[in-house]
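Student: Fold the following for me, if possible:
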Amino acid sequence: MSPYRVFRRLTLVATTLGLLATPASGQVKVGLSAFAGAYLPTNDLFDSVRLRPDTSSLIITNLGVEPALLLGGRVTVRFQRFSVEAEAGYAFTRLDIPSVLVNAGFPDDASVVLGSLNLLYDLYQAAFSPLSIHLSGGAGFVARGGEFLDSFDGTTDLAAVIGAGFRYGLSPVVFLRFDLRDYISSFAAKASSGFQFESKTQNDLVGTVSVEFSLAPAR
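Tutor: Numbers count the residues shown, from 1 in each chain. Predicted structure coming up:
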């Protein structure tokens with residue numbers, strides 16, 4: 001299943017939960033956000049991988065992807081202290097390989113698509129300020145691609161997602177947000193030859209700043 005279809009289903013689940021739970025008093029609000037931030041992979045994908053199968057001399061160890069700019073969006077269904085949220089982001093990254101190989105023509109292009117469905121809890125709501133601090137947890141996926149990574153199978157992985165952040169109201173319908181999330185997955189790619197690489201735990205950190213627009217004013 002493509003990342004787009006997965007995110008579409010996550011968004012549908014979040015919206016459906018909000019519609020089913022909407023009380024007559026109108027306390028449920030739907031927020032739409034666009035965000036930008038940093039994608040920070042903390043672990044390598046491969047401990048050792050042969051870049052060119054026709055020679056034994058080109059072996060690179062600790063192959064991973066570089067930190068990169070991340071762009072994406074969210075749909076949030078807000079209740080009292082709890083919220084359900086679907087998000088997806090795209091990281092414009094590259095493979096972390098020596099520059100001598102890049103100069104020799106080895107493809108270092110790469111991309112990462114992340115998506116998740118999360119439950120948020122407002123841990124703190126300031127009494128005389130439009131500030132709230134939240135924790136989040138959920139499930140999602142991490143899809144890695146690029147000319148080199150596309151030669152492997154198993155580069156899209158399910159992930160557990162945990163995070164925290166804060167939200168500050170600029171007006172009754174516009175909010176500034178900061179979020180930090182950790183996508184925890186297990187990367188176990190398979191080569192076209194059928195060789196299965198050893199599974200490696202991945203911690204992909206995502207730090208974002210976003211503007212959220214609420215479809216119902218805060219009361």
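Student: List of residues touching stretch 93-103?
Tutor: 39, 41, 44, 51, 58, 60, 63-68, 106-112, 146, 148-149 (Cβ atoms under 8 Å, 6 or more residues apart in numbering). C-beta here means a position set from N, CA and C on the backbone, and glycine is covered the same way.
Student: Quick one: buried ones out of those residues?
Tutor: The neighbour-count test (16 or more other Cβ atoms under 10 Å) applied to those identifies 39, 41, 44, 51, 60, 63-65, 68, 106-108, 110-112, 146, 148-149 as buried.
Student: Inside helices: which ones of the contacts of stretch 93-103?
Tutor: For these, not one is inside helices, with DSSP state H as the criterion.
Student: Give me the distance between the two termini of stretch 146-160.
Tutor: End-to-end span of stretch 146-160 (Cα to Cα, to the nearest Å): 23 Å.
Student: Tell me which residues are up against it.
Tutor: Stretch 146-160 is contacted from outside by 3, 51, 95, 106-111, 114, 116, 137-145, 183-192, 202, 204, using Cβ under 8 Å, 6+ apart.
Student: Can you tell me which of those residues end up in strands?
Tutor: With strands defined by DSSP state E, the entries of these inside them are 95, 109-111, 114, 116, 137-145, 183-187, 202, 204.
Student: that older thread, I'd like to know which of the contacts of stretch 146-160 are buried.
Tutor: Taking 16+ other Cβ under 10 Å as the criterion, what is buried in the contacts of stretch 146-160 is 3, 51, 95, 106-108, 110-111, 114, 116, 138, 140-144, 183-185, 187, 189, 202, 204.
Student: Flag the shaky bits of this structure, pLDDT-wise.
Tutor: For the chain, the stretches with pLDDT under 70 are 1-26, 50-61, 216-219.
Student: Run through the strands of this structure in chain order.
Tutor: For the chain, strands defined by DSSP E occupy the ranges 29-41, 46-50, 59-65, 68-78, 82-96, 109-125, 131-145, 156-169, 174-187, 200-214.
Student: need those in a markdown table with distance to residue 102, can you?
Tutor: As requested, the strands of the chain are arranged in a markdown table below (distance: least, Cβ to Cβ, whole Å):
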| stretch | distance to residue 102 |
| --- | --- |
| strand 29-41 | 18 |
| strand 46-50 | 16 |
| strand 59-65 | 12 |
| strand 68-78 | 16 |
| strand 82-96 | 9 |
| strand 109-125 | 10 |
| strand 131-145 | 18 |
| strand 156-169 | 25 |
| strand 174-187 | 22 |
| strand 200-214 | 23 |
